[in-house]
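here you go, sequence then predicted model.
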Amino acid sequence: MTLQLRFAAISDVGRVRKDNQDSGYAGPWLLVVCDGVGGAARGDLASSTAVQQLRNLDAAPDPEHTADELVGQVAGALHRAHDRIAELVDHDPALSSTSTTATVCLFDGEQLAVGHVGDSRAYLFREHGLSQVTHDHTFVQTLIDDGRITETEARSHPHRNLILKAIDGQREAEPDLFVVPLQAGDRLMLCSDGVCGVLDDGRIADVLAGGSADYAAVELVRASLEAGSSDNVTCIVADVVEAGAVDGADGDLEPQLVGAAAELRRRRLFKGHRSGDTGELEPIVADGLGDDMEGLPPGAIPDDPLDPDLHEALRYAPRAPRRAVWLRRILALAVVVGIVWIGAAAAWSWGQKQYFVGVDGDDVTIFRGLNTSFVGIDLSTPYLRTDLAVDQLASYDAHQVRQGVTQSDLTDARRYVDSLASRIGTDTGAE
């Protein structure tokens, strides 16, 4: 291990919401921010549950580990968080609409293994330059990627709260997984969209450029609230320093749990006690979301976009348009029909090469097809009728022919009929 982290974490309920649905964790080996989605469906429970699962990663790595193994640990922890939320939903179906974002950074002394789902973010501040490490899984980010809107326009877009991926215990999201090499002097910042949704890169870089990690975290939260953030605000700042520069005896390595994950734990001990709300200023007044309502159904945008319950409804991962749903169903049906048709065609082709000797009327006849029927439909047709009457045959042969005697091919069928005729001393012929 050549590097260490000096970290600070803070979460604020904000000036509008009644509850904090963000959760955060910072430790010597792990940084996590989760932003719960669900409002009345307990987004706080989703984010805190995810953090409680993910924090188990905060342990010194195996000295012989590889980067792939580090990434695998993050992927496994996100999967376990998904499973744990699924258990909660199974126990209480009222939670079926809850979900959470997750941005996870697992440190091994030289690099970060990053796992990311949703629109919380991780940034790297290096040599006075800021870079966004993660890529948002949001509707507006797809518009930015397509060149249809700019980053600035995205901050005021009416659909800016729609996320495309989240951990919900029902549909397992595929996380972004990758590794980021670090060097001494780097500064890491993880945040919920309550920060990055109102502060541009220039303002974030200004704050990260100076002061301690603790100062930067507090200042980012304060700046977000002053900029008009209507969401919960959670921020983690971690400085990458040379090994030995952090003294655990001074408490610099003590893990920090913030937001809903910390509040729910305290509520078990102090029922009715409310903690973690540092939003002392009066709620800000909404100016509206603008006129760009295109794309959402009538009534989807509330009159007051800062109403926390209505605002939360916009944050659910969007469902595909109904036309797309029906298109997928039609395509799936077409695939099934195609497979059935191919199977039926293959069976029919094979059946046309099968022959058996049976009875048509009173005559011994060679049939082509299968000696059976399906839903009342015979799977064979008379192919060659002989002038040999079944009543002419010995009792045993007549019984066999009436049941149908399968032959390997047409030649064998003809030979069998000839053998029947030879036994009664007559010739056969075809009509």
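Received it, and whenever you're ready, just let me know what you need.

tell me where the stretch 151-300 of the chain has strands.
Per DSSP state E, counting those that start in this stretch, the stretch 151-300 of the chain carries strands over the ranges 176-181, 187-191, 233-242, 256-259.

any idea which of the ones you listed gets closest to V357?
strand 176-181 (66.4 Å; C-beta to C-beta). All C-beta atoms are positioned from the backbone trio N, CA, C, and that covers glycine.

so what's the residue nearest in space to the middle of the chain up against?
Residue closest to the average C-alpha location in the chain (C-alpha atoms, centre = their mean): A173, at 1.8 Å. Contact analysis of A173 by C-beta atoms under 8 Å, 6 or more residues apart in numbering lists H82, V117, H137, K165, A166, I167.

which sections of this structure are below the confidence cut-off?
Scanning the chain for pLDDT under 70 picks out 1, 39-41, 248-252, 265-325, 426-431.

show me how it divides into domains.
Split into domains by automatic domain parsing, the chain comes to 3-313, 355-424.

deepest of those, which one?
domain 3-313 (a mean of 19; mean count of other C-beta atoms under 10 Å).

E151 touches D200, doesn't it?
Yes - with contacts counted by C-beta atoms under 8 Å, E151 reaches D200, the gap being 7.5 Å.

of the domains of the chain, which is nearest W341?
Closest to W341 of these, according to C-beta to C-beta: domain 355-424, at 15.7 Å.

identify the residues contacting stretch 199-217?
Against stretch 199-217 from outside (C-beta under 8 Å, 6+ apart): 6-10, 123, 125, 128-130, 132, 151-152, 155, 187, 189, 195-196, 219-220, 223-224, 227, 235-239.

kindly report the same for stretch 131-142.
Stretch 131-142 is contacted from outside by 103, 114, 116-124, 149, 154, 157, 159-160, 162-166, 173, 176, 180, 201, 318, using C-beta under 8 Å, 6+ apart.

show me the residues you listed that map onto helices.
Per DSSP state H, helices hold the following members of those: A154, D201.

please report the distance of S120 from T101.
For S120, the distance to T101 equals 5 Å [C-beta to C-beta, to the nearest Å].

A77 now?
From A77 across to T101, the span is 15 Å (C-beta to C-beta).

bridge partners for the closest residue to Q183 other than its chain neighbours, pull those for me.
Take Q183 and drop its neighbours on the chain: the residue closest to it by C-beta to C-beta, 6 or more residues apart in numbering is V240, 6.9 Å away. On the basis of DSSP bridges, V240 is bridged to L5.

give the contact list for V240.
Each residue near V240 by C-beta under 8 Å, 6+ apart is listed here: L3, Q4, L5, L182, Q183, A184, G185, D186, R187, L188.

and for R121?
T103, Q132, V133, T134, D136, L190, C191, D193, C196.

ditto for R126
Q183, G185, D186, R187.

can you pull out the helices in the chain?
Taking DSSP H as the criterion, the chain contains helices spanning 43-54, 67-91, 139-145, 151-154, 193-196, 201-208, 213-226, 260-269, 308-313, 322-351, 395-403, 410-424.

any idea how far D35 is from L124?
Distance of L124 to D35, given as C-beta to C-beta: 20 Å.

ditto for R171
Distance, R171 to D35, by C-beta to C-beta: 18 Å.

next one: W341
48 Å.

also R402?
Separation of R402 from D35 (C-beta to C-beta): 77 Å.

and what of L45?
Distance, L45 to D35, by C-beta to C-beta: 13 Å.

cool, and L3?
Going from L3 to D35 by C-beta to C-beta gives 28 Å.

picking up where we left off before, as JSON lines, the contacts of R121 with distance to D247 would be great.
Below are these laid out as JSON lines (distance: C-beta to C-beta, whole Å):
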{"residue": "T103", "distance to D247": "28"}
{"residue": "Q132", "distance to D247": "32"}
{"residue": "V133", "distance to D247": "28"}
{"residue": "T134", "distance to D247": "31"}
{"residue": "D136", "distance to D247": "37"}
{"residue": "L190", "distance to D247": "23"}
{"residue": "C191", "distance to D247": "27"}
{"residue": "D193", "distance to D247": "34"}
{"residue": "C196", "distance to D247": "32"}
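
does G38 touch A46 like I think?
Yes - assessed by C-beta under 8 Å, G38 is found in contact with A46 at 6.2 Å.

need the overlap of contacts for the two.
Residues touching both G38 and A46 by C-beta under 8 Å, 6+ apart: Q21, L95, T98, S99.

for the residues you listed, name the two members farthest from one another.
For the shared contacts of G38 and A46, with distances taken as C-beta to C-beta, the pair at the greatest spread is Q21 and L95 (13.1 Å).
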